[in-house]
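Chemist: build the 3D model from these lines:
(chains A and B)
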2 protein chains.
Amino acid sequence: MQTQTGILTVVSGFSGSGKGTIMNRLMEKYPQNYALSISATTRSPRPGEMDAREYFFCTKERFEEMIAKEELLEYACYVENYYGTPSAYVQEQLQAGKDVILEIEMQGALKIKRKYPDSVLLFVTPPSFEELKRRLTNRGTESPEAVRARLKRAGEECEGVEHYDYLIINDELEACVSQVHSILQNEHTRLSRREAFINQMKQSFMEYAKGE
Amino acid sequence: MQTQTGILTVVSGFSGSGKGTIMNRLMEKYPQNYALSISATTRSPRPGEMDAREYFFCTKERFEEMIAKEELLEYACYVENYYGTPSAYVQEQLQAGKDVILEIEMQGALKIKRKYPDSVLLFVTPPSFEELKRRLTNRGTESPEAVRARLKRAGEECEGVEHYDYLIINDELEACVSQVHSILQNEHTRLSRREAFINQMKQSFMEYAKGE
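Modeler: Numbering: from 1, shown residues only, chains lettered A, B, ... in the order given. Next comes the predicted model:
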């Protein structure tokens, strides 16, 4: 009997790339296929954020307890706050055959890839630098200094991008959602994920050869 | 300016897997995307086979000249006949941006993968051993001994299959054709094939940082 487990999928991208919107739409269109992992963090909730929806908000003590008990797939520290991926939910959903999506920063993404080489890493980018700048500027919610800081950070993030598997150029939302879905569907047909099928075939050939 | 070259694609599969039919249909549906490589061989044409369609038929002397002049991507010897892939056509089509499909045996496929690690290897299989046996038997053109020999050979071929990238389970022709097309389209979005885009982004970030 062929059992198939889900794919550990990591999505990163420039801020302004629209990665969050793509993932929400993907979940909406294919709720049977995907589960979205929720990160834990020690930072304070921003207005409108809800515990167990945007993040699991927790204290520094609780977070360090999770680290000590190895309850996190990966974690990192940004601007004096911890961010991490609780393992339990991810493992449970993968076992249930769902592809689990982690929307995390590059630092965490590369840790996941080292630890789980058959994870799939997607990087989302606007179609050009000019478009990225335009999107960040047009948000209007950020000061010119904040836009500059984000662009500088984005430039630094380019440095690790070659370790990702696929580049998603976000030009049009629905096309991107279809692309991500199609990439993950195809990843399920990789030989490395079809071990059960191959073993069964080999078994049949062996039995046939014996019975000859 | 982003230049994109085609993907060197290798297709193998059990005889009876229907790989030839899938590739012909793929070419028919997407003639702009793909080019089918034609192998050279020293074996004699079978009834109905045409030179430069099924194979380039040539003499042993000519074939050995191609080997000596390194005009072949790969070659192998089966049952005292040479089979090989002439380089020139493949290179020319790849440069033109087409994905070039080589329908070759596992021995040649694995040579290609070693020589061109970013080639994509597809293995086509019927949905089960029973179905493979049924298809080979129902052809009616082959003696029970020939069927047995093919099944035995197929069993041996299973041994290298884990070096392939994707497993195509041929249950229904049109679904398979769509799957192969979708796999190759997605392969074009791999980070390793998007170097030009990434370099251009990095360049823009650098210029922005300098101009700040």
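
Chemist: now the element after the lowest-mean-pLDDT helix or strand in chain A, going C-ward?
Modeler: Taking all helices and strands of chain A together, the one with the lowest average confidence (mean pLDDT, DSSP states H and E) is helix A:144-157, at a mean of 85. Reading on from helix A:144-157 to the C-terminus, the next helix or strand found by DSSP states H and E is strand A:166-169.

Chemist: contacts for that following strand, please.
Modeler: Under the contact criterion CB atoms under 8 Å, 6 or more residues apart in numbering or on different chains, strand A:166-169 has outside partners A:13, A:22, A:120-127, A:161, A:176, A:179-180, A:183, B:186, B:189-191, B:194, B:197-198. Just so you know, the C-beta spots here come from the backbone N, C-alpha and C atoms, and that holds for glycine as well.

Chemist: packing partners of whatever helix or strand comes next after it?
Modeler: Sequence order places helix A:173-187 as the next helix or strand after strand A:166-169, per DSSP H and E. In this structure, helix A:173-187 packs against helix A:19-29, strand A:120-125, strand A:166-169, helix B:173-187, with contacts taken as 3 or more CB pairs under 8 Å, 6 or more residues apart in numbering or on different chains; DSSP states H and E.

Chemist: what is the orientation angle of helix A:173-187 with helix B:173-187?
Modeler: Using axes from the mean of the first three to the mean of the last three CA atoms, to 10 degrees, the interaxial angle of helix A:173-187 with respect to helix B:173-187 works out to 110 degrees.

Chemist: which residues does helix A:173-187 contact?
Modeler: Applying CB under 8 Å, 6+ apart, the contact partners of helix A:173-187 are A:7, A:9, A:18, A:21-22, A:25-26, A:29-30, A:33-34, A:99, A:120, A:122, A:124, A:166, A:168-170, A:193, B:166, B:179, B:182-183, B:185-186, B:189.

Chemist: so where's chain A shaky on pLDDT?
Modeler: Within chain A, the stretches falling below the threshold (pLDDT under 70) are A:1-3, A:212.

Chemist: buried ones in stretch A:58-65?
Modeler: Within stretch A:58-65, the residues that count as buried by 16 or more other CB atoms under 10 Å in any protein chain shown are A:Cys58, A:Phe63.

Chemist: closest to B:Lys133 out of the helices and strands packed on helix A:173-187?
Modeler: The closest approach between B:Lys133 and any of the helices and strands packed on helix A:173-187, judged by CB to CB, belongs to helix B:173-187 at 19.7 Å.

Chemist: check which element follows the closest one along the chain.
Modeler: helix B:195-211.

Chemist: just the C-alphas of that following helix, formatted as PDB.
Modeler: This file holds the C-alpha atoms of helix B:195-211, laid out as PDB (Å, rounded to 0.1, in the frame of the first residue of the first chain):
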ATOM      1  CA  GLU B 195      20.700  33.200 -12.800                       C
ATOM      2  CA  ALA B 196      20.200  36.100 -15.300                       C
ATOM      3  CA  PHE B 197      17.200  37.400 -13.400                       C
ATOM      4  CA  ILE B 198      18.900  37.100 -10.000                       C
ATOM      5  CA  ASN B 199      22.100  38.800 -11.300                       C
ATOM      6  CA  GLN B 200      20.000  41.700 -12.600                       C
ATOM      7  CA  MET B 201      18.200  42.100  -9.300                       C
ATOM      8  CA  LYS B 202      21.500  42.100  -7.400                       C
ATOM      9  CA  GLN B 203      22.900  44.700  -9.800                       C
ATOM     10  CA  SER B 204      19.900  47.000  -9.200                       C
ATOM     11  CA  PHE B 205      20.300  46.700  -5.500                       C
ATOM     12  CA  MET B 206      24.000  47.500  -5.700                       C
ATOM     13  CA  GLU B 207      23.300  50.600  -7.900                       C
ATOM     14  CA  TYR B 208      20.600  51.700  -5.500                       C
ATOM     15  CA  ALA B 209      22.900  51.300  -2.500                       C
ATOM     16  CA  LYS B 210      25.600  53.300  -4.200                       C
ATOM     17  CA  GLY B 211      23.200  56.100  -5.300                       C
END
